[in-house]
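In: Kindly return the folded structure for what I paste below:
(one chain, ligands or ions: 1)
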Amino acid sequence: MRKTIIAGNWKMNNTRKEARELASELAKALKGKSGLPEVVLCPPFTSLADTVDAVKGAPVAVGAQNMDYHDSGAYTGEISPQMLLELGVTYVLIGHSERRQLFGETNQTVNLKLKAALKQGLIPIVCVGETLDERENNLTDAVVSRQTAAALENIDLEALKPLVVAYEPVWAIGTGKVCESAEANRVIAIIRNTIANCKPGAANLAEQTPILYGGSVNAKNSVELLTQPQIDGGLVGGASLKVDEFLSIIEAGQKRLVALGARA
Ligand code: 13P
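Out: Residues are numbered from 1 along each chain as shown. Okay, the predicted model is just below:
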């Protein structure tokens, strides 16, 4: 059974104080609970240490929103994987569409970052997704396949075991326009198929890789999204900034786990 993951991408929101408050409230609500999905909080770099501290003892992991792929050196403004590990960070988002669109990240830098994260033992969440223009030109499947295949290039099967992927259609991010659950499920199946065909013997890897959906996920639509067989969780932006809303999405993840358990 694949992991169910609910990850909150706080983007460039929350001061240290606000991050501590939000993370503490979530930690308090989740402490001691069983049957939870894997819960991951991705605050800005400046709040990582506070967030790690605030969730201590609770079933909550912390992820970074980005990192550099070098170990160290003359890369002004960048943060290395080791620096994240030192803070107690265990996950890292790679190639979020905002990084690709606004900060010049490419399939090649995503590949380099994925290699670095895996080498250092961070769990990577690789983000892929088409723009509105690409969707309207029937390029969705080709774009997500290319992004996925390029990310995995020249990486051993064995090394890819911790891989997590997030399908985030760019037009659904921050717009309130959620991708229909059946369509998200279909595209995620394409991504899974791309992983299966990326190298010989990758069928198992594809079967075991959690693939999340992201793009205007909220308390209301999360239950329907998470009943889809291919959607293994959510990468949540705006709704992860509100305690109750995010807790409801985590509950939808719990429901998914119950349903999967009943089927197994
Ligand atoms: P929203 O949930 O705000 O649409 O953001 C999605 C996202 O980009 C998460 O990484």
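
In: nearest spatial neighbour of the residue of the stretch 151-264 of the chain found nearest the ligand, skipping sequence neighbours?
Out: Nearest residue of the stretch 151-264 of the chain to the ligand: residue 237, at 2.2 Å (C-beta to the nearest ligand atom). Where C-beta positions appear, they are placed from N, C-alpha and C, glycine not excepted. Spatial nearest neighbour of residue 237, excluding adjacent residues (C-beta to C-beta, 6 or more residues apart in numbering): residue 9 at 5.3 Å.

In: cool, and residue 55?
Out: Closest residue to residue 55 apart from its sequence neighbours, by C-beta to C-beta, 6+ apart: residue 27 at 4.5 Å.

In: coming back round to it: so how far is residue 218 from the residue of the stretch 151-264 of the chain closest to the ligand?
Out: For residue 237, the distance to residue 218 equals 10 Å [C-beta to C-beta, to the nearest Å].

In: Then residue 259?
Out: 20 Å.

In: Compare those two (neighbour count), which wins?
Out: Neighbours were counted for residue 259 and for residue 218 using other C-beta atoms under 10 Å; residue 218 has more, 20 against 13.

In: contacting residues around the nearest residue to that one once chain neighbours are set aside?
Out: Of all residues not flanking residue 218 in the chain, residue 239 sits nearest, at 4.5 Å (C-beta to C-beta, 6+ apart). The neighbours of residue 239, taking C-beta atoms under 8 Å, 6 or more residues apart in numbering as the test, are 217-219, 245-246, 249.

In: among those residues, which are within reach of the ligand?
Out: residue 217 (C-beta under 6 Å from any ligand atom).

In: Closest one of the contacts of residue 239 to residue 255?
Out: residue 249 (10.6 Å; C-beta to C-beta).

In: what about that closest one, which SS state?
Out: helix (DSSP: H, G, I helix; E, B strand; the rest coil).

In: what's near enough to touch it?
Out: Counting by C-beta under 8 Å, 6+ apart, residue 249 makes contact with 6, 217-219, 222, 234, 236, 239-240.

In: Check residue 118 too.
Out: Applying C-beta under 8 Å, 6+ apart, the residues near residue 118 are 124, 155, 159-160, 162-163.

In: how close does it get to the ligand?
Out: 20 Å (C-beta to the nearest ligand atom, to the nearest Å).

In: Quickly list what the residue in the stretch 1-150 of the chain positioned nearest to the ligand is bridged to.
Out: Here the stretch 1-150 of the chain gets closest to the ligand at one residue, residue 9, 3.6 Å apart by C-beta to the nearest ligand atom. Beta-bridge partners recorded for residue 9 (DSSP bridges): residue 42.
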